[in-house]
Structure formats: structure tokens, C-alpha cells
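# missing the sequence, but the structure's below:
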């Protein structure tokens, strides 16, 4: 099999009181606008997974979080992405502050509520795999 380039996405499952934070992608986003996603983004060269996640969560939501543990890795044959998923918690309760050029809405949802939303493909796949079942 020939090698191909791919992206590494680092995403946080920020859970509080049995719900997780999801963000709705802005209509101007080139990939899957209008889909619901977890906070996170692409790994930059020379950046650790954890530093990437803390940076992306802060940029996208204004929240400060602590990383508890790696939940797992996920890749999809149909798309050039590898996702590293981390369990996170709020360090202090804060109001979510979105960047309107990236996300237009946020919700705190249970895994069952998430299933009814239009999700970005990797999120639908990890929900189906049971990777979010610990959020209760």
C-alpha cells in the first residue's frame, strides 16, 4: 500500500454532570459545515498532543480544562484523519465563548442526545464504537 499524507486531530471530550460539550461548525468552514464536533483541532509541528488540545480548546471555547486521560485513537479508511481523543474536565466553571468563524453554537449533551444530531463523521463513528459511553 502506498503511503499517503494524513492529518492528526486532537479532540477533547469535556464532560460535566453527565453531559459533554459539542460545537456546531460554522457555515464558512470548508469541511462539514453545520456538523457537530468535539472541541479540538490539528496538531502543529513540534507540538505535543496535550499542548495541542489545551490550545485548541482555549481558542475554540475560551475554556480552561485539565486532561484526565487518553480515551483512544480513531481513524477512518475513507478520510485522511487520525483522531486522538482525551477525556477532559473543566478546571473552573466558565461561560463558553465561541469563535464565530469556526463554530456558531454549543450544547452540553448526553451520548443519547448526541446521536440525534448531525455529527462530523469521526464523532458518529466513535459514538457508535462506544468510546463515549463513560459520560453518564
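Structure received. No experiment lies behind these values; they were computed from the predicted model shown.
# just the strands in the protein please.
With strands called from DSSP state E, the chain shows them at 7-16, 19-25, 36-37, 40-42, 65-75, 81-90, 103-109.
# So which residue is dead centre in the protein?
residue 38 (2.4 Å; CA atoms, centre = their mean).
# how much space between that one and residue 78?
The gap separating residue 38 from residue 78 is 19 Å, by CB to CB, to the nearest Å. The C-beta positions use only the backbone N, C-alpha and C, and glycine is treated the same way.
# do the same with residue 3
17 Å.
# do the same with residue 61
Counting by CB to CB, the gap from residue 61 to residue 78 is 28 Å.
# These two: which is more packed in?
Looking at residue 61 and residue 78 with other CB atoms under 10 Å, you find the greater number of neighbours at residue 61, namely 23 against 7.
# what number of residues lie near the residue nearest to that one when sequence neighbours are not counted?
Once flanking residues are discounted, residue 61 sits nearest to residue 96: 5.0 Å by CB to CB, 6 or more residues apart in numbering. When neighbours are defined as other CB under 10 Å, residue 96 has 17 of them.
# Check which residues of stretch 64-75 are buried.
65, 71, 74 (16 or more other CB atoms under 10 Å).
# Any idea how far that stretch is from the middle of the chain?
Chain-centre distance of stretch 64-75: 9 Å, with CA atoms, centre = their mean, to the nearest Å.
# Could you do stretch 85-105 as well?
Centroid separation between stretch 85-105 and its chain, computed with CA atoms, centre = their mean, is 10 Å.
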